[in-house]
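S.K.: fold the following.
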Amino acid sequence: MPAQTATPAPAARGGRVSRLSQLTVPSMPQSVASTAAKSSFSQAPSTALVPPPPLAVKKDPKLANNWKTKSPAELTDAEVIAMPDTEYMNEKQMAFFRLKLVELKRGILENAGETTEHLREDTVVVPDPADRATIEEEHALELRTRDRERKLLKKIEQSIQRIDAGDYGYCDETGEPIGVGRLLARPTATLSLEAQQRRELKQKMFGD
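M.R.: This next block holds a predicted model:
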């Protein structure tokens, strides 16, 4: 079997080193550890669940330099994705994601205000039990939705604080870049996709 070579991990921000790269086998020479690992691999297949590799984000090279002439408010998602990796979380990207988070926060607050108005309008007593049950069920569903948004609102505020502190866009566990694609899909993400999958796997195996 040809020897497998490990793909180098992306550079961590500010000289941070991934925690996984710091793990060593105690009280065992490297050659012995390598031989033991190969032996165990050849004897029995691994039963550990391996998370799927993240999907690569397609970049349009034609848009790579658009960020230089546009303001953060004018940038599109595709233009931010096309930015060079060397410009990851520069001032313009930070401002772009800050605007996204502020807009998301505004939408949640507007929904909360609409919910309050709906509850006020529906305080009239409905004589029909079936109609009353339907209204109560709609209220319960709307309140559950607002509760989820309330929790999201807290994460949005924390993400804005991370931008102000210059820590936004980097994994809390490894210090590695979370990635523009993942942040566009989930602006409040604090873990890289790999770290998030490892956490979810541990939760399934061992519980919260």
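
S.K.: if you count neighbours, what's buried in the longest helix out of those in the chain?
M.R.: In the chain, assigned by DSSP state H, the helix with the most residues is helix 129-165. For helix 129-165, a neighbour-count test (16 or more other CB atoms under 10 Å) marks 146, 149, 153, 155-156, 159-160, 162-163 as buried. Placement of C-beta: from N, CA and C, glycine included.

S.K.: distance of residue 181 from residue 78?
M.R.: 11 Å (CB to CB, to the nearest Å).

S.K.: tell me which of the two has more neighbours.
M.R.: Applying other CB atoms under 10 Å to residue 181 and residue 78 shows that residue 181 carries more neighbours, namely 18 against 14.

S.K.: which parts of the helix or strand where the more buried one lies are buried?
M.R.: Following DSSP states H and E, one finds residue 181 within helix 180-185. Residues of helix 180-185 classed as buried by neighbour count (16+ other CB under 10 Å): 180-184.

S.K.: pLDDT averaged over that helix, what's the number?
M.R.: Regarding helix 180-185, the rounded mean pLDDT is 95.

S.K.: and that helix, what does it pack against?
M.R.: helix 77-81 (3 or more CB pairs under 8 Å, 6 or more residues apart in numbering; DSSP states H and E).

S.K.: what's the first helix or strand after the helix it packs on?
M.R.: Per DSSP H and E, helix 77-81 leads on to helix 91-121 as the next helix or strand towards the C-terminus.

S.K.: quick one: work out the angle between that next one and helix 129-165.
M.R.: Angle of helix 91-121 versus helix 129-165, following axes from the mean of the first three to the mean of the last three CA atoms, to 10 degrees, is 160 degrees.

S.K.: can you point out the buried residues in helix 91-121?
M.R.: 92-94, 96-98, 100-101, 104-105, 108, 115.

S.K.: from residue 89, how far off is residue 187?
M.R.: Distance from residue 187 to residue 89, counting by CB to CB: 13 Å.

S.K.: for residue 176, that is, sorry about that
M.R.: Applying CB to CB, the value for residue 176 to residue 89 is 12 Å.
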